[in-house]
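**Student:** Dropping the sequence and predicted coords here.
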Amino acid sequence: MEFAQLERMSLMITMDDIVREGHETLRQRTENVTLPPSDEDQYTLKEMLQFIKNSQDEELAEQYDLRPGVGLAAPQIGLSKRMMAVHFTDANGREYSNGYYNPRIVSHSVEQAYLPGGEGCLSVDRDVPGIVPRHARITVKATTLDGEDVKIRLKGYAACVFQHEIDHLNGVMFYDHINQDDPMTPPEGAVSVD
Ligand SMILES: CNC(=O)c1cccc(C)c1Nc1nc(N2CCN(c3ccccc3Cl)CC2)nc(N2CSC[C@H]2C(=O)NC)n1
Ligand code: NI
């Protein structure tokens, strides 16, 4: 077995490591990660990014029964730490593939946006229909997996994904944002994201 495959094997996060609704870490505020990150935190964040990539690989997802996702936050593997990983390409072909320590939204638009199909979550084993209102544009400050301090401006699908994962770091689930009285009606002025 070649090294890359061995590396995937030994480090591998599977769905068994993903905690589901009801697990306390999903409702906790996470602690900042002490920087520079420990070897253990680096190892974990790399595993999280690899899991998201694996989950989108048809063969690996099939072989290891992985549910596809584009983002994962540390509380979802039972770790109450401010770390998240994303891997996706947005509608404009811009690629996002990285792990982040201590991400925080430093500014956001008044305008709201939402994914027309609603949102899903690897820690939620049920379909929760409804519009999830998000900030249409956000600016995020964080430290990347490689230890670089970055300031990222996000809009559209990328803004929604980052907000969903940063919510996890604050103990917030996507359905907390759904208007219970009128779940399918987008808020006034909110724009649909494709
Ligand atoms: C209930 N209706 C819906 O879910 C929903 C319904 C329609 C459209 C959207 C857009 C919806 N919404 C939604 N679709 C996704 N995926 C689309 C499919 N994709 C994927 C699937 C297969 C291979 C590779 C990949 Cl990439 C994986 C990601 N992901 C999220 N979320 C919310 S933000 C974090 C992100 C996440 O990773 N969730 C696990 N929401
Ligand atoms: Ni989630």
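**Tutor:** Yes, it's here. Ligands and ions are numbered 1, 2, ... in the order given.
**Student:** got any ranges where the chain has weak pLDDT?
**Tutor:** By pLDDT under 70, the low-scoring segments of the chain are 1, 3-10.
**Student:** what about the helices in it?
**Tutor:** For the chain, helices defined by DSSP state H occupy the ranges 3-11, 39-55, 58-64, 156-169.
**Student:** which of these sits most buried?
**Tutor:** Comparing the helices of the chain by mean neighbour count (mean count of other C-beta atoms under 10 Å), helix 156-169 ranks first with a mean of 23. Just so you know, the C-beta spots here come from the backbone N, C-alpha and C atoms, and that holds for glycine as well.
**Student:** hmm, that one touching ligand 1?
**Tutor:** Yes. Judged by C-beta under 6 Å from any ligand atom, helix 156-169 and ligand 1 are in contact via 160-161, 164.
**Student:** Mind picking the one among those residues that's closest to ligand 1?
**Tutor:** Nearest to ligand 1 among the residues of helix 156-169 next to ligand 1 is residue 164, at 3.5 Å by C-beta to the nearest ligand atom.
**Student:** Could you tell me how many residues sit around residue 150?
**Tutor:** Residue 150: 13 surrounding residues under other C-beta atoms under 10 Å.
**Student:** Can you name the residues of the protein sitting close to ligand 1?
**Tutor:** Within the chain, the residues that sit near ligand 1 (C-beta under 6 Å from any ligand atom) are 56, 68-71, 88, 115, 117-122, 127, 160-161, 164.
**Student:** Recalculate using a threshold of 5 Å.
**Tutor:** Residues of the chain lying close to ligand 1 (C-beta under 5 Å from any ligand atom) are 56, 68-71, 115, 117-120, 122, 161, 164.
**Student:** For PyMOL, what selects the buried ones among the residues you listed?
**Tutor:** Burial among the residues of the chain next to ligand 1 is assessed by 16 or more other C-beta atoms under 10 Å; the matching PyMOL selection reads:
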select buried, resi 69+70+71+115+118+119+120+122+161+164
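**Student:** Mark which of the residues of the chain next to ligand 1 are part of strands, please.
**Tutor:** Counting by DSSP state E, the part of the residues of the chain next to ligand 1 found in strands is residue 71.
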